[in-house]
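Student: Sequence plus the predicted model coming up.
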Amino acid sequence: MIPDVGSLSLLGGGALGLLGSAHCVAMCGGIAGALALAPGARRAAPAAARQVAYNLGRVVSYATAGALAGGFGVALARLFGDSGVIALRAAAALLLLALGLYLAGWSSGLARLERQGARVWRHIAPLAARLRPGRSLPGALALGMLWGWLPCGLVYSALALAATSGDWRQGALLMTGFGLGTLPAMVATGLLAGRVGGLARAAAPRRVAGAMLIAFALWTFAASGAIAHLRGAPAAPCHQIAPAAD
């Protein structure tokens, strides 16, 4: 019986975001710091409010992407049945494993995936550049919504998990939790003008977080039912992702 990976939902996404915060700080910490240090920022909306608006914008983008990923999972399940669900969960586990190895500094494989995502980002980057430094609250919110699409292996790993969540609502909920899980580190980084970044990039915290993500990835793979499927054993999932109507 395959445990319901979608039941991770808000809490599971939050845990993943919290564990991967070091990667978030490395990728987006400079952007958050720019909101506080940009010329004229003192005459703009309060720094704390801008940081919250910026990060809430990211969460909105993550939730939107999670809904799309959840819908994709539904379509895949309808096309391929349990085999498609199992394959999707196994792929999510492999991405989480790659993320753990990358975060711990033991592999750079996930960087290749981020480079592929950069092709989409090229079309968004010019608009994001116009919004910097996002001195107003609406500007900071819009900037966060755009930067939420920055190529990021951590986000891709979370989206792979969201695709297994059961439907578009659960996918959106999981990615909302993921975004909220990254919030403490990102807000602190922005308010402290990047001083948190040095700690987040230190080897020891990254290795601990990476090891925990690797353990989570192995559990996800074991729960996916892929091993039983390869052995030919029946694997009845606890739930069917949006089963097609008879």
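Tutor: Yes, it's here.
Student: residue closest to the middle of the chain?
Tutor: Per C-alpha atoms, centre = their mean, the C-alpha nearest to the average position across the chain is that of residue 155, at 2.7 Å.
Student: Sticking with it, tell me its helix or strand.
Tutor: Assignment of secondary structure by DSSP states H and E places residue 155 within helix 153-162.
Student: mean confidence score for that helix?
Tutor: Over the span of helix 153-162, the pLDDT mean works out to 88.
Student: Counting by contacts, list what the lengthiest helix in the chain packs against.
Tutor: For the chain, the longest helix by residue count, based on DSSP state H, is helix 47-104. Counting contacts by 3 or more C-beta pairs under 8 Å, 6 or more residues apart in numbering; DSSP states H and E, the secondary-structure elements packed against helix 47-104 are helix 21-37, helix 109-131, helix 137-147, helix 153-162, helix 168-191, helix 203-224, helix 226-231. Where C-beta positions appear, they are placed from N, C-alpha and C, glycine not excepted.
Student: Out of these, which is the most enclosed?
Tutor: Per-residue neighbour counts averaged over each of these give the maximum for helix 153-162, namely a mean of 27 (mean count of other C-beta atoms under 10 Å).
Student: what does that one rub up against?
Tutor: Identification of contacts with helix 153-162 by C-beta atoms under 8 Å, 6 or more residues apart in numbering yields 5, 8, 12-13, 16-17, 20, 23-24, 27, 62, 65-66, 69-70, 73, 88, 91-92, 95-96, 98-99, 102-103, 110-111, 113-114, 117, 148, 170-172, 174-175, 178, 220.
Student: Mind doing that once more with 6 Å?
Tutor: Applying C-beta atoms under 6 Å, 6 or more residues apart in numbering, the contact partners of helix 153-162 are 16, 20, 23, 65-66, 69-70, 91-92, 95-96, 99, 110, 113-114, 171, 174-175, 178.
Student: Tell me how far the nearest residue to residue 128 once chain neighbours are set aside lies from residue 10.
Tutor: Nearest-residue entry for residue 128: residue 146, 4.3 Å, with adjacent residues in sequence omitted and distances by C-beta to C-beta, 6 or more residues apart in numbering. Between residue 146 and residue 10 the computed distance is 24 Å (C-beta to C-beta, to the nearest Å).
Student: Residue 172 now?
Tutor: If you measure residue 172 against residue 10 using C-beta to C-beta, the figure is 10 Å.
Student: Residue 219 now?
Tutor: When distances are taken as C-beta to C-beta, residue 219 and residue 10 turn out to be 19 Å apart.
Student: what do you get for residue 79?
Tutor: Noted for residue 79: a distance of 28 Å to residue 10, by C-beta to C-beta.
Student: Please say which of these two ends up with more neighbours.
Tutor: Comparing residue 79 with residue 10 by neighbour count (other C-beta atoms under 10 Å), the higher total belongs to residue 10, at 16 against 10.
Student: what's the distance between the more buried one and residue 19?
Tutor: As defined by C-beta to C-beta, residue 10 lies at a distance of 15 Å from residue 19.
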